[in-house]
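S.K.: Curious how this folds, go ahead:
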Amino acid sequence: MQEAGPVAGAQLVQGAGRPRRPLGAALARPTVLILTGLWVAGPLLPLAVQAFTDQWFYPDLWPARWSLVGWEQALGPQSRLAEAVATSISIGAAVAALATVLGAAAGRALAWHRLPGRRLIELVLLAPVLVPPFAVAMGAQIVYLRAGLADSLAGVVLAQLPAATAYATLLMSGVWAGVDPALERQARTLGAGAWRAFREVSLPQLRGGLVVAAMFAFLISWSDYLLTLLIGGGVVTTVPLLLFATAAGSGNQAATAAIALVAVAPPLLLTALAARQLAGRDTALLGVGR
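M.R.: Predicted coordinates:
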């Protein structure tokens, strides 16, 4: 038998250092991605088809005729879709900004300080999420009517703020737990003020968490229906309210599908951005990687 030459020996050594991945492990990630895509996009496919047809009757599996009538009606001046989108974005941006600031402050207190009654505080923060939404909305409507905040954008923002702040606080408490408080104390010792120490030491480590918290707060506001209906009193029209009104009142399935696609676009986009942020370099800070 001939001995292997130097090149062949090097190739054998190099090949031995790279063990082959099992076929199941190699296919696991693509399979998960495909199944996740089908899980998310599957329910949206009928909407995407319905929005571009005006004749699709049961039991036909495919539309009989394609049309843009649904989009023309959804984007027409009588549908008020542009106004609803602008209102939803305005309310969502305000809720996201306020909830992120409040959540960051409350999360810092929960993560860095041994507060008396910590469990009770966490329970109070979770109360807007745990209590049935209809009960919260009915009670809030009475309070806002007496305070003169009903039927206004400010009232809707304040009504949506508790739930959004609860999520932001819980998320930011995990972020703050990954930040060493000694770093700020060292900066203060070297002469930096409280705001400068926070801005230059802690804030760079919080940016990923702040972005994700703002995204989740915006999504909570964007998808809210009950509080907006009761506190807004029908005067404040958001995309969910317009969608339900179109579905229940007009019976136009194509226009309803078109508005539904507009309604789900921002949540899908922000969820993808949040997932990318969570999978990036700030994963450990968000309490996922530790």
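S.K.: Backbone dihedrals for residue 65, please?
M.R.: phi -150, psi 140 (degrees, to the nearest 10).
S.K.: Tell me what it is bridged to.
M.R.: Residue 65 has the following beta-bridge partners by DSSP bridges: residue 55.
S.K.: I figured it was touching residue 254, is that so?
M.R.: No - taking contacts as C-beta atoms under 8 Å, residue 65 lies outside contact range of residue 254: 10.9 Å. C-beta here means a position set from N, CA and C on the backbone, and glycine is covered the same way.
S.K.: Show the residue spans covered by the strands in the stretch 51-200 of the chain.
M.R.: 53-55, 65-66 (DSSP state E, counting those that start in this stretch).
S.K.: tell me the most buried of the ones you listed?
M.R.: Here the criterion is mean neighbour count by mean count of other C-beta atoms under 10 Å, and of these the winner is strand 53-55, at a mean of 16.
S.K.: Flag the shaky bits of the stretch 151-290 of the chain, pLDDT-wise.
M.R.: Residue ranges of the stretch 151-290 of the chain with pLDDT under 70: 250-251, 277-290.
S.K.: For residue 84, grab the count of nearby residues.
M.R.: Counted by other C-beta atoms under 10 Å, the residues lying close to residue 84 total 22.
S.K.: could you pull out the helices for this structure?
M.R.: For the chain, the helices identified by DSSP state H occupy 6-16, 23-41, 44-50, 69-75, 81-112, 118-130, 133-147, 153-177, 181-189, 194-197, 203-223, 226-232, 239-249, 253-278, in order along the chain.
S.K.: in stretch 268-276, what counts as buried?
M.R.: For stretch 268-276, burial by neighbour count (16 or more other C-beta atoms under 10 Å) applies to 270, 274.
S.K.: Run through who's touching that stretch.
M.R.: Residues from elsewhere that reach stretch 268-276 (C-beta atoms under 8 Å, 6 or more residues apart in numbering): 40, 211-212, 215-216, 218-219.
S.K.: Apply 7 Å and report the result again.
M.R.: Stretch 268-276 is contacted from outside by 212, 215-216, 218-219, using C-beta atoms under 7 Å, 6 or more residues apart in numbering.
S.K.: returning to that earlier point: mind putting the helices of the chain in TSV, distance to residue 56 included?
M.R.: Output for the helices of the chain, formatted as TSV (distance: least, C-beta to C-beta, whole Å):
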stretch	distance to residue 56
helix 6-16	57
helix 23-41	19
helix 44-50	6
helix 69-75	11
helix 81-112	22
helix 118-130	38
helix 133-147	33
helix 153-177	35
helix 181-189	60
helix 194-197	59
helix 203-223	27
helix 226-232	30
helix 239-249	16
helix 253-278	8
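S.K.: Those helices: which one's closest to residue 61?
M.R.: Of all the helices of the chain, it is helix 44-50 that lies closest to residue 61, at 10.3 Å by C-beta to C-beta.
S.K.: I'd like the mean pLDDT over the closest one, please.
M.R.: The pLDDT scores in helix 44-50 average 78.
S.K.: returning to what we had before: who wins for proximity to residue 95 among the strands of the stretch 51-200 of the chain?
M.R.: Of the strands of the stretch 51-200 of the chain, the one closest to residue 95 (C-beta to C-beta) turns out to be strand 53-55, at 35.8 Å.
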